[in-house]
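>>> mind looking at a prediction? Sequence and model below.
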There are 4 protein chains.
Amino acid sequence: MSGNSFGKLFVVTGFGESHGPAIGGIVDGCPPGLALCAADLQRDLDRRKPGQSRHTTQRRESDQVEILSGVFGGLTTGAPIGLLIRNEDQRSKDYADLAARYRPGHADYTYDQKYGRRDYRGGGRSSARETAVRVAAGAIAKKYLWERCGVLVRGFLSQLGPIRPRGFDWEEVGRNPFFCPCAQTVPELEAYMDALRREGNSIGAAVTVVASGVPAGIGEPIFDRLDADIAHALMSINAVKGVEIGAGFACIEQKGTEHRDELTPAGFLSNNAGGILGGISSGQDIYARIALKPTSSLRLPGRTIGTDGQATQVITTGRHDPCVGIRATPIAEAMLAIVLLDHWLRQRAQNGDVTPPTPPIPAAAPR
Amino acid sequence: MSGNSFGKLFVVTGFGESHGPAIGGIVDGCPPGLALCAADLQRDLDRRKPGQSRHTTQRRESDQVEILSGVFGGLTTGAPIGLLIRNEDQRSKDYADLAARYRPGHADYTYDQKYGRRDYRGGGRSSARETAVRVAAGAIAKKYLWERCGVLVRGFLSQLGPIRPRGFDWEEVGRNPFFCPCAQTVPELEAYMDALRREGNSIGAAVTVVASGVPAGIGEPIFDRLDADIAHALMSINAVKGVEIGAGFACIEQKGTEHRDELTPAGFLSNNAGGILGGISSGQDIYARIALKPTSSLRLPGRTIGTDGQATQVITTGRHDPCVGIRATPIAEAMLAIVLLDHWLRQRAQNGDVTPPTPPIPAAAPR
Amino acid sequence: MSGNSFGKLFVVTGFGESHGPAIGGIVDGCPPGLALCAADLQRDLDRRKPGQSRHTTQRRESDQVEILSGVFGGLTTGAPIGLLIRNEDQRSKDYADLAARYRPGHADYTYDQKYGRRDYRGGGRSSARETAVRVAAGAIAKKYLWERCGVLVRGFLSQLGPIRPRGFDWEEVGRNPFFCPCAQTVPELEAYMDALRREGNSIGAAVTVVASGVPAGIGEPIFDRLDADIAHALMSINAVKGVEIGAGFACIEQKGTEHRDELTPAGFLSNNAGGILGGISSGQDIYARIALKPTSSLRLPGRTIGTDGQATQVITTGRHDPCVGIRATPIAEAMLAIVLLDHWLRQRAQNGDVTPPTPPIPAAAPR
Amino acid sequence: MSGNSFGKLFVVTGFGESHGPAIGGIVDGCPPGLALCAADLQRDLDRRKPGQSRHTTQRRESDQVEILSGVFGGLTTGAPIGLLIRNEDQRSKDYADLAARYRPGHADYTYDQKYGRRDYRGGGRSSARETAVRVAAGAIAKKYLWERCGVLVRGFLSQLGPIRPRGFDWEEVGRNPFFCPCAQTVPELEAYMDALRREGNSIGAAVTVVASGVPAGIGEPIFDRLDADIAHALMSINAVKGVEIGAGFACIEQKGTEHRDELTPAGFLSNNAGGILGGISSGQDIYARIALKPTSSLRLPGRTIGTDGQATQVITTGRHDPCVGIRATPIAEAMLAIVLLDHWLRQRAQNGDVTPPTPPIPAAAPR
């Protein structure tokens, strides 16, 4: 209960279940004067939406978002922005037999334990369907950040099972259904996914998100450090099991001479920090990487128990993503953007602008 | 500004700089009736405090905590608990020459950029000295969790540079200054650290924290998921660059059949989830692992710039931990305990108790 | 920006403008298991909705609410409850000429100053239309309080201009369009209002809300005292200029011997405290009274300035309530209920139930 | 539990009991660069502190405040400001016999009911002693508002029992122990209070606080309206039973033509709104008035019950204020200042400054 809001000044509150009449949310705190229409949100919603390729779930949702308030004459007014997306393709019958058993690796059991009941249709509130609302809200944040702050938030698939991109080109990310930054790697991914689908199994993945153009000075120590809020935001995405900033877990084996990013008048010499020092942005690119688990919705039978405590098994016949990481890139971008705009506003509250007091240090080249 | 509180119902607010007169905090939301005295906090403060072995900083702080309010007749009253720790061993002269230059890898530059000024003595607010307050507050949470909820929060050093413990025994953790769970590994760690100190360098580390006895049902989707709040809490600790839950980043290469923790009437068959499904505790042990970067305070000179933007270099001659991960175990335990108690209270608000509605499933053996 | 949520555990977030496509909100934190359907909300919405008598605005809105989430099988699930009310009778042309001038006594000028722009159609976000969402959300709180906590929240019109009810009967409140607790006073009110309408003027009013059955122990000193949160909630209602608890402003001239509510084993001997001592409920009825200003939307011309700073005048020809206090009773009840349930949950978080540790003292007879 | 913080961006958290070792707090969110030292806080603390005249409690507390953090080189750093005031004159024996009985009109009974126990020494947490921390924190807000925003926050005693000031002069307020704005009224007040003390009784009072120089545009509809947050802040002060803004309760009998503050290019023609329209400051002076109840600590015996539920009586022999309203002026000023700075920062977050977009309208002459 009452954990469905995120942010302090740019606040996103969501509602909705996988198979209810609609999902939606309220964005409270978008500054006035931003040009905004539904099409601005639709672009990212379309990037996330299911059924875009054979590698994701075949559920068909147009994911058309309606802006219900907070915009007048094409500009935001400072009032809360109501967002609504009607659910369309609800094959609830797919889920009828899940009422009485717990899918392993899913939230069925924990929802029952927590709330004493659950909407079992398609996972109900625990379904990743709610991430569409994050993407819509994040699109507002991304637009403000880009148009008003010069901040660009982007992401890409950095690993899928054993496969890592062999090259890197931001332009390539938008050209394939995997958000993979390397054209050469795409056929590998397709072959891997096709085999996986035949096998009836699923696979984990990693997504990296990057914010460029963030000036130094964003973040609120000691508990609302920028990295801490990013970790909160990204770990709140379904299926995420790990978050790292900059060098991340690799820093365990680094020595101080290697890890510390030295400074020269020409700029930082590296970016192991991922653009955040002491919980505050340094002016370098902000890097975060997340690990997404393989979905537990499989055609291959799994042992489980029923709500009666007796042993049984589950085969998932519904439509599912064999790699939930594939559609996660726009979601992770959205959450990073929401955090950044929230903190941008918090910093602006401090001294009226976000211009650093002294000439900023140039950033290192992206890793 | 205003980022120094953590928690919603069990709220910890901290203050204090490395070389100011004192550090301290307020714990607001501890339920009444808990037996509590300063000695209860001192035990964990002593585990964290510097100068306990040759492998940590030689700064001498007794870290004596004073409870200023919220306890009457030996029991908490429900009123906020004021905590005070006077600073003692402040060799501010060590830092005088840091006023005019930015130590690479530290928050000197970002604090100046954010606030337009900084308390440069020992890192000021960005010093890990503030973590003593976390440990004191966390000791209250740990005591309540253990005595009232049957939850045990523990941690250990799971990696130091290239070295991982070769065995595992909870009893061993308290017997060595590294919080290492394997007695055989301790001499290795000592040799490694001695060489490192001679070299003048530093090294990263990993710490794992575990909560046992957490019933199913704790956590508040979708944004205040238990794993999201744990990630926030742990990433807010100085030097942490990554957080993972359960299988964490290893899940990237896992298939669904491997990752999903199957259930039988006798219990879960594995714990890749780290005790959390859909953001809610499953009744299994909760596992989280953090990566801590090597400190950037080194005797080895590093390139940097001065506050005038000119090139210069820094040699840190103050007293520092060559591996900040060593003292991080009690801090990570504290943050995990604070999150768990906060969420325990939130769940109690929902339906008056935290007893699951149906017989819980036995947990898997710890990994 | 970002001031559109109320509550800590039972959180209401609203959106919507007077003449946009819809208003709505999200209720996050309703405990699971409450029987709920749209009809449960409709009853209070109908009490508030315009056009119920000749004494309120003739705008016609059916105010049909749709529940979009958070209810499954007729019971709340613990997930957020999405609420949607489409706007229907939007005569925006009524307001076209208000784009360029500021109505005195309204928020036109301050919205422009704050946000740099405003939705001038019918007051936009500053219209009392948003209170329908409060009423819908409050109906959920009232239902929970009554069915699960035995708390009854009611209100009545305690003054309209110079007229106070001459008698008191709870049953009478629902029988007249004024929410007046005295049948004999109703013809007086009707005559007064008819004359006022002919005059083209408006009048202030007072509304009293009462919660019965609240056990002792609800409220969170020192800042979230129950009376402080009630004051916040009630003062946030459009047109409210004053809030008092119990004896309220009359206490200025009371002596201590008169004001203090003495206790005997048979109960409190009076209720000057309005059921709250030290910010915590005492078990007596909770009384709060609000003053509502006369609306500034009048047929009688008023001096004002245009957005160009030049002198002009305003005549309001749109449909308005000549006494906004008349429809305020269900709104004030809703806000009181929201505060009480929020604090009920907070108290339940403390020790798992809200049963006082010792036999409670009987309440005094209602004043 | 967990209700001891106030504010969103300028956050004050307090701790401490009447007869514990100390009271104190943390001010989190003060912008960096403000010149600040303990003496800046001491001035207001001295205005509030007991024993300044024969008309207030004779408890002797020097109320010396210590700043423990957040200030470096005489300027705030943006880090949280720790505040500590040691208790000195604790005659706990005065209260020993109150352990077993409930003083009528005090929070003894409700604290026991809520927490299951209470620190009965001098009222413990429910004592007005905690207001010293509010005053210290408020002094920081007042200083920032005055030096950086041009906002002046002042207050005065507007009524004591039946006596109202017969004239008005801001200069006079600081010249008498009552904060009375009329020199001629002071002898009346003295005579009244002397008689009251002889009688052993107490009396209510009203205090008015005024903020001048607040630009238009401060306040966050719809729930965090400026008036709503002011009501919250002021009602959270001990003994306050009512809050009104501008015309307040008088608006009940006002007609719209009388109440609405008309505008001309030369300015507003009146200020019934108390400087707030639609929850947003209008640029006029902000007026709020509070009613304070007479203390229930009397030499005259009162009927009550013991913790055993049996009838008994109470005579208060400790040192008390016969009119708590006398010392309330600096407390009310502090709370108003805290709200205003918090909202100032929130508005600055919106668009980087608090300068209205068009020339502001001159304010009406103070009422």
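Here it is on my side, so go on.
>>> helices of the stretch 251-367 of chain A, start to end?
Counting by DSSP state H, counting those that start in this stretch, residue ranges of the helices within the stretch 251-367 of chain A are A:256-259, A:328-351.
>>> nearest to A:Asp89, out of those?
In terms of Cβ to Cβ, the element of the helices of the stretch 251-367 of chain A nearest to A:Asp89 is helix A:328-351, at 19.6 Å. (Glycine included, C-beta is placed from N, CA and C.)
>>> is it true that A:Ile203 touches A:Leu157?
No - with contact defined as Cβ atoms under 8 Å, A:Ile203 and A:Leu157 do not form a contacting pair (11.9 Å).
>>> for D:Gly78, see how far away A:Glu244 is.
In this structure, A:Glu244 and D:Gly78 are 28 Å apart, going by Cβ to Cβ, to the nearest Å.
>>> distance of A:Arg43 relative to chain C?
Note on A:Arg43: its distance to chain C, by Cβ to the nearest Cβ, to the nearest Å, is 22 Å.
>>> excluding its backbone neighbours, what's nearest that residue?
Using Cβ to Cβ, 6 or more residues apart in numbering or on different chains and skipping residues adjacent in sequence, the residue nearest A:Arg43 is A:Ala139, 7.1 Å away.
>>> and what of A:Leu196?
Once its chain neighbours are removed from consideration, A:Leu196 has its nearest residue in A:Pro322; the separation is 5.3 Å (Cβ to Cβ, 6+ apart).
>>> quick check: pLDDT value at A:Pro80.
At A:Pro80, the predicted lDDT confidence score is 98.
>>> how about chain A: which residue is closest to chain D?
Taking Cβ to the nearest Cβ, chain D has its nearest neighbour within chain A at A:Ala349, 3.7 Å off.
>>> give me the neighbour count for that residue.
Using other Cβ atoms under 10 Å in any protein chain shown as the criterion, A:Ala349 is surrounded by 26 other residues.
>>> give me the pLDDT for the residue nearest to it when sequence neighbours are not counted.
Nearest non-adjacent residue to A:Ala349, counting by Cβ to Cβ, 6+ apart: D:Ala349, 3.7 Å away. With respect to pLDDT, D:Ala349 scores 95.
>>> get me the contact residues on the stretch 1-150 of chain A for chain D.
Contact residues, the stretch 1-150 of chain A versus chain D (Cβ under 8 Å from any Cβ of the partner chain): A:8-9, A:31-33, A:78-79.
>>> please enumerate the strands of the stretch 101-250 of chain A.
Listed in chain order, the strands found in the stretch 101-250 of chain A under DSSP state E, counting those that start in this stretch are A:152-160, A:205-212, A:240-245.
>>> ok, the residue nearest to A:Leu196 - contacts?
Contacts for A:Pro322 (Cβ atoms under 8 Å, 6 or more residues apart in numbering or on different chains) come out as A:55, A:193, A:196-197, A:201-203, A:295.
>>> which one (most neighbours) among those residues?
Across those, the neighbour count under other Cβ under 10 Å reaches its highest value at A:Ser202, namely 32 neighbours.
>>> isn't it right up against A:Leu292?
No - the criterion here is Cβ under 8 Å, and A:Ser202 misses it with A:Leu292 at 10.5 Å.
>>> between the two, which contacts overlap?
With contacts defined as Cβ under 8 Å, 6+ apart, the residues shared by A:Ser202 and A:Leu292 are A:Val324.
>>> one step back: in helices only, show me the contacts of A:Pro322.
Among the contacts of A:Pro322, DSSP state H puts A:193, A:196-197 in helices.
>>> list the contacts of the helix or strand harbouring A:Arg43.
Element membership for A:Arg43 (DSSP states H and E) is helix A:38-48. Residues outside helix A:38-48 that contact it (Cβ under 8 Å, 6+ apart) are A:52, A:63-67, A:83, A:85, A:131-132, A:135-136, A:138-140, A:142-143, A:327, A:329-331, A:333-334.
>>> out of those residues, which end up buried?
Listed as buried from the contacts of helix A:38-48 are A:63, A:65, A:67, A:83, A:85, A:131-132, A:135-136, A:138-140, A:142-143, A:327, A:329-331, A:333-334; burial here means 16 or more other Cβ atoms under 10 Å in any protein chain shown.
>>> how near is the spatially closest residue to A:Ser126 that is not a sequence neighbour to D:Ile237?
If the residues on either side of it in the chain are set aside, A:Ser126 comes closest to A:Ala107, at 3.8 Å by Cβ to Cβ, 6+ apart. Taking Cβ to Cβ as the measure, A:Ala107 falls 45 Å from D:Ile237.
>>> which one of these two has more residues nearby?
Comparing A:Ala107 with D:Ile237 by other Cβ under 10 Å, the one with more neighbours is A:Ala107, at 28 against 24.
>>> what about the residue of the stretch 251-367 of chain A found nearest chain B, how many neighbours?
At 2.3 Å from chain B, A:Gly278 is the closest residue in the stretch 251-367 of chain A, using Cβ to the nearest Cβ. Other residues within reach of A:Gly278, judged by other Cβ under 10 Å, total 28.
>>> try A:Thr264
16.
>>> just the pLDDT for the closest residue to A:Asp108 other than its chain neighbours.
If you skip the residues right next to it in sequence, A:Asp108 has A:Tyr102 as its closest partner in space, 4.3 Å away by Cβ to Cβ, 6+ apart. At A:Tyr102 the predicted local confidence, pLDDT, stands at 93.
>>> for A:Tyr102, give its distance to A:Asp308.
When Cβ to Cβ is applied, the distance between A:Tyr102 and A:Asp308 equals 11 Å.
>>> repeat that for A:Asp44.
Distance of A:Asp44 to A:Asp308, given as Cβ to Cβ: 43 Å.
>>> with A:Glu171 instead?
A:Glu171 sits 55 Å away from A:Asp308, taking Cβ to Cβ as the criterion.
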